[in-house]
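Peer 1: Give the three-dimensional model of this entry:
(2 chains)
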Number of protein chains: 2
Amino acid sequence: MLKNYRIVLEYDGSRYDGWQKQGNTDRTIQGKIEGILERLAGEPIEVHGSGRTDAGVHALAQTANFHLNVKLSDLEIKEYLNQYLPEDISVIRLDKVPERFHSRLNAEEKTYLYQIETAGKKKVFERKYFYGFGRPLDVNAMKRASEYLIGEHDFKSFCSNKKMKKTTVRNVKRIEFQEKGSQLFIRFTGNGFLHHMVRILMGTLIEVGERKKSPEQMNVILKAMNRSEAGFTAPAEGLFLEKVSYKA
Amino acid sequence: MLKNYRIVLEYDGSRYDGWQKQGNTDRTIQGKIEGILERLAGEPIEVHGSGRTDAGVHALAQTANFHLNVKLSDLEIKEYLNQYLPEDISVIRLDKVPERFHSRLNAEEKTYLYQIETAGKKKVFERKYFYGFGRPLDVNAMKRASEYLIGEHDFKSFCSNKKMKKTTVRNVKRIEFQEKGSQLFIRFTGNGFLHHMVRILMGTLIEVGERKKSPEQMNVILKAMNRSEAGFTAPAEGLFLEKVSYKA
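Peer 2: Residues are numbered from 1 along each chain as shown, chains lettered A, B, ... in the order given. Here you go, the predicted model:
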């Protein structure tokens, strides 16, 4: 009998073309996992992620699910996956979930973490995990700007997909700032995010932080519903999918 | 006129055959720096490190010096090096020092940091910077064992060079333990360390931590002056040269 399995994944996205399987499946996270499950099951197995992560974006707890019928315990399946997955992808949890569970459709809340190095030094150990902005940022201005984003809004200005036909309304619940020396950590929590949305929000907040835009301009940009009003797309290497929450 | 420059370096040793230039200079830290200085000076420049680091060992503050005669400010030389050095090697400081300064001969004290992951999880972001021991360790027993090592001793049991003709006496000043969740950090400070000494001390302390050896056995091993009495050589990826101190 087919059982529905949920997995929680950690990965270093540096070497990959993102989550979603493409023509060449060899360099996507989804492709790597499906390849191993196919070997285990003897037939193709489709893995449903909670959402795509772009090329170069990392995950601390991406969530996915798949249906499988094998005579192995949960622990054995998890260990099989970890044995054959490359060293930069890890299954940190695996459990059986009800038949109807779908990692994307049932996701209630997601948190993305963005990491910035504001010191002008050459990054060595941080080079794959921080955006090396390299100059001071006015974090208080960024915080004030971020307040305009909280709540349910049409985030069309922060969506890179111009042909988006579905709704661009999302509910951003929290944007939290944390400073550790010259490192800045920003967490975005919401019911979902559009394509490149976190990176465009981040790029726009950075432009506020360098005083190219005022905090109040954030509200004008939001209302414009026009991508060209917003700031740049902050680079992928600073971004982590940190958490996906489901109803208990 | 030739001036004597001191540089402080940070590097991720993962891709390198260690500090010291070898036949193939292309994959050593010293070789990389000398190659760039030769391009700058138009002649070969020798770089003297405070000591070698093995293949795969990292540095947070390796120190080196070299003599150079160019019409560039200190900042310009530093920026030239950082521009041409690969992204996993960085000059974090450069200053002129007295003619007689030698980074190895004048070093007073060195600190090495060793990082261990004791949780049984597959490492993703830690994979190049932690030894994935993967099982709990009796840190109190390790601390008791480490006390026998403090002070001036003949550390022949902890030296991998069997043909070592020079003295194997060293003064270990401090061994400090720090625990953060499942991560264990151990700092070794001394007036100098023999070839592989920190990694063999660490391997022996780990064997105490897994109760294969008693803390008191450390004293027996030290007195034996025989490498085969000590524990295994802990892997390179967990080791960082953290600090080199000089007289003010």
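Peer 1: what about the strands in chain A?
Peer 2: Secondary structure of chain A (DSSP state E): strands at A:3-11, A:48-49, A:58-68, A:89-97, A:107-117, A:131-132, A:151-154, A:169-180, A:183-190, A:239-246.
Peer 1: pLDDT (mean, whole number) over stretch A:58-69?
Peer 2: Mean pLDDT, stretch A:58-69: 97.
Peer 1: residues of it that come out buried?
Peer 2: Applying a neighbour-count criterion of 16 or more other CB atoms under 10 Å in any protein chain shown, one finds A:58, A:59, A:60, A:61, A:62, A:63, A:64, A:65, A:66, A:67, A:68 buried in stretch A:58-69. For every residue, glycine as well, the C-beta is placed using N, CA and C.
Peer 1: Show me chain A divided up by domain.
Peer 2: A:3-97, A:109-246 (automatic domain parsing).
Peer 1: mind checking the end-to-end distance for the longest one?
Peer 2: Right, the one you point to is domain A:109-246. 7 Å (CA to CA, to the nearest Å).
Peer 1: can you tell if it touches chain B?
Peer 2: Yes - Domain A:109-246 comes into contact with chain B (CB under 8 Å from any CB of the partner chain), by way of A:121, A:122, A:123, A:124, A:125, A:127, A:129.
Peer 1: Give me the buried entries from those.
Peer 2: A:122, A:123, A:124, A:125, A:127, A:129.
Peer 1: Now those in CSV, please, with extra columns for pLDDT.
Peer 2: Formatted as CSV, these follow (pLDDT from 0 to 100):
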residue, pLDDT
A:122, 86
A:123, 87
A:124, 94
A:125, 94
A:127, 93
A:129, 96
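Peer 1: Is it correct that residue A:18 is in contact with residue A:57?
Peer 2: Yes - contact criterion CB atoms under 8 Å: residue A:18 and residue A:57 qualify, at 6.9 Å.
Peer 1: so where's chain A uncertain?
Peer 2: A:24-25, A:248 (pLDDT under 70).
Peer 1: mind checking which of the domains of chain A is nearest residue B:9?
Peer 2: In terms of CB to CB, the element of the domains of chain A nearest to residue B:9 is domain A:109-246, at 9.2 Å.
Peer 1: How much space separates the closest residue in space to residue A:200 that isn't next to it in sequence from chain B?
Peer 2: Nearest in space to residue A:200, with sequence neighbours left out and distances taken as CB to CB, 6 or more residues apart in numbering or on different chains, is residue A:158 at 4.4 Å. Residue A:158 sits 28 Å away from chain B, taking CB to the nearest CB, to the nearest Å as the criterion.
Peer 1: Tell me how many other residues crowd residue A:158.
Peer 2: If you count neighbours by other CB atoms under 10 Å in any protein chain shown, residue A:158 ends up with 31.
Peer 1: Equivalent analysis for the one 3 residues further on, please.
Peer 2: Applying other CB under 10 Å, we find 14 other residues in the vicinity of residue A:161.
Peer 1: returning to what we had before: give me the more crowded residue out of residue A:18 and residue A:57.
Peer 2: residue A:57 (25 against 18).
Peer 1: which residues does the more buried one contact?
Peer 2: A:13, A:18, A:236, A:239, A:240, A:241 (CB atoms under 8 Å, 6 or more residues apart in numbering or on different chains).
Peer 1: before we move on, the earlier item: quick one: which of the residues of domain A:109-246 next to chain B is nearest residue B:138?
Peer 2: Looking across those and measuring by CB to CB, the closest to residue B:138 is residue A:125, at 29.5 Å.
Peer 1: Dihedrals phi and psi, that closest one?
Peer 2: With angles defined as degrees, to the nearest 10, residue A:125 sits at phi -70, psi -20.
Peer 1: any idea how far it lies from residue B:115?
Peer 2: Per CB to CB, to the nearest Å, residue A:125 is found 12 Å from residue B:115.
Peer 1: Pull up the overlap in contacts between the two.
Peer 2: Joint contacts of residue A:125 and residue B:115 (CB under 8 Å, 6+ apart) are residue B:129.
Peer 1: Redo the domains of chain A as a markdown table? Include distance to residue B:105.
Peer 2: Listed next are the domains of chain A as a markdown table, based on distance: least, CB to CB, whole Å:
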| stretch | distance to residue B:105 |
| --- | --- |
| domain A:3-97 | 40 |
| domain A:109-246 | 27 |
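Peer 1: For the residue nearest to the spatial centre of chain A, give me its contacts.
Peer 2: When CA atoms, centre = their mean is applied to chain A, the residue found nearest the centroid is residue A:241 (3.4 Å). Listed by CB under 8 Å, 6+ apart, the contact partners of residue A:241 are A:50, A:51, A:53, A:57, A:58, A:59, A:60, A:61, A:62, A:110, A:111, A:112.
Peer 1: what's around the second one, how many residues?
Peer 2: Using other CB under 10 Å, residue A:51 is surrounded by 18 other residues.
Peer 1: That one against residue A:104, yeah?
Peer 2: Yes - between residue A:51 and residue A:104 there is a contact at 6.1 Å, judged by CB under 8 Å.
Peer 1: Residue A:70 against residue A:40, yeah?
Peer 2: Yes - the criterion here is CB under 8 Å, and residue A:70 meets it with residue A:40 at 6.2 Å.
Peer 1: Can you pull the residues that touch both of these two?
Peer 2: Joint contacts of residue A:70 and residue A:40 (CB under 8 Å, 6+ apart) are residue A:77.
Peer 1: quick revisit: which ones, among the buried residues of stretch A:58-69, also lie beside chain B?
Peer 2: Okay, of the buried residues of stretch A:58-69 touching chain B (CB under 8 Å from any CB), that's residue A:58.
Peer 1: What is the nearest of the buried residues of stretch A:58-69 to residue B:46?
Peer 2: Out of these, the member with the shortest distance to residue B:46 (by CB to CB) is residue A:58, at 40.6 Å.
Peer 1: The closest one: what's it in contact with?
Peer 2: Here residue A:58 is in contact with A:11, A:12, A:13, A:14, A:129, A:239, A:240, A:241, B:125 (criterion: CB under 8 Å, 6+ apart).
Peer 1: Could you measure from it over to residue A:86?
Peer 2: From residue A:58 to residue A:86 the distance is 14 Å (CB to CB).
Peer 1: Then residue A:232?
Peer 2: Relative to residue A:86, residue A:232 is positioned 31 Å away (CB to CB).
Peer 1: Please give the centre-to-centre distance between stretch A:219-235 and its chain.
Peer 2: The chain centroid and the centroid of stretch A:219-235 are separated by 19 Å, computed with CA atoms, centre = their mean, to the nearest Å.
Peer 1: Quick check: buried residues in that stretch?
Peer 2: A:221, A:222, A:227, A:229, A:230, A:231, A:233, A:234, A:235.
Peer 1: Wait, residue A:154 touches residue A:225, no?
Peer 2: Yes - here residue A:154 reaches residue A:225: they are 5.9 Å apart, a contact under CB under 8 Å.
Peer 1: which residues are common contacts for these two?
Peer 2: With CB under 8 Å, 6+ apart, residue A:154 and residue A:225 have common neighbours residue A:168.
Peer 1: biggest separation within the contacts of residue A:57, which pair?
Peer 2: Checking the contacts of residue A:57 with CB to CB, the most distant pair is A:18 and A:240, at 13.7 Å.
Peer 1: ok now stretch A:168-177, how far from the chain's centre?
Peer 2: 14 Å.
Peer 1: Check stretch A:165-177 too.
Peer 2: Centroid separation for stretch A:165-177 versus its chain: 13 Å, with CA atoms, centre = their mean.
Peer 1: cool, and stretch A:143-155?
Peer 2: Chain-centre distance of stretch A:143-155: 19 Å, with CA atoms, centre = their mean.
Peer 1: ditto for stretch A:18-30
Peer 2: The answer for stretch A:18-30 is 16 Å, by CA atoms, centre = their mean.
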